[in-house]
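Q: no sequence for this one, just the structure:
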């Protein structure tokens with residue numbers, strides 16, 4: 001039985017597509033590096049395929065999306081960028097461009113907060129490379145690239161944070177609707193108390209007010225009004241609502 005929420009299904013589908021595309025790019029890069037004689041870089045690109053396969057398997061072979069599923073692909077991509085920039089420096093700093101992949105991929109894969117952490121890691125790698133001169137881009141390009149990276153990371157974080165809040169509100173509303181549409185446990189004697197999900201008995205008005213945007217007003221139905229008249233009780237028959 002598939003117990004995944006809409007959020008899990010959406011995220012797992014995106015991760016599968018992204019991992020397949022990354023796998024195709026890694027195979028293309030390995031072919032290019034082998035053709036140029038860069039065997040180390042070629043094998044390093046091929047080494048990413050098991051990581052992508054692990055992420056795809058995690059997204060496919062479970063009833064619920066495992067928390068670890070995005071990390072194989074994400075950790076490999078981060079490691080690849082670090083290696084290309086600070087160790088091999090292939091194509092004179094061109095690998096620096098791949099840093100822009102980290103904020104959107106990480107934010108989509110593990111959410112706004114986790115994506116922000118990986119975005120900061122990418123920023124640290126960029127600044128470290130600038131200080132140590134491990135990438136060879138001209139200084140004006142580096143400054144503009146840093147600004148562009150910050151903008152990309154900021155926009156992606158803000159968008160995902162807003163989306164997470166909306167998704168949480170939708171899920172909360174869905175749960176409230178399921179509660180109201182399901183079997184309501186009401187006291188069979190007094191009909192004034194209802195049992196909530198925690199097993200506590202609460203007044204009927206409170207039960208509904210906690211789960212739906214409703215307010216109660218009170219009056220007397222004809223049967224009760226007749227009983228009040230018969231008892232001679234001093235109750236106002238005027239509705240309070």
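A: Ah, there it is. Computed from a prediction, not measured in an experiment: that's the story for all the values here.
Q: identify the residues contacting residue 121.
A: Neighbouring residues of residue 121 by Cβ atoms under 8 Å, 6 or more residues apart in numbering: 78, 102. C-beta: built from backbone N, CA, C; applies to glycine.
Q: next one: phi and psi at it?
A: Here is the backbone geometry of residue 121 (degrees, to the nearest 10): phi -60, psi -40.
Q: and residue 197, by the same measure?
A: Dihedral angles (degrees, to the nearest 10) for residue 197: phi -70, psi -20.
Q: so what's the gap between the top helix by length along the chain and the chain middle?
A: Criterion DSSP state H: the longest helix present in the chain is helix 139-181. Distance, stretch centre to chain centre, for helix 139-181: 8 Å (Cα atoms, centre = their mean, to the nearest Å).
Q: over to stretch 219-227?
A: Here stretch 219-227 is found 53 Å from its chain centre; the criterion is Cα atoms, centre = their mean.
Q: okay, buried residues for it please.
A: By 16 or more other Cβ atoms under 10 Å, the buried positions in stretch 219-227 come out as residue 220.
Q: cool, stretch 51-71 as well?
A: Residues of stretch 51-71 classed as buried: 51, 52, 54, 55, 56, 58, 59, 65, 69, 70, 71 (neighbour count, 16+ other Cβ under 10 Å).
Q: end to end, how far does that stretch reach?
A: Using Cα to Cα, to the nearest Å, one end of stretch 51-71 lies 9 Å from the other.
Q: show me what contacts residue 82?
A: residue 125.
Q: quick one: it from residue 107, how far?
A: Look at residue 82 and residue 107: by Cβ to Cβ, to the nearest Å, they are 19 Å apart.
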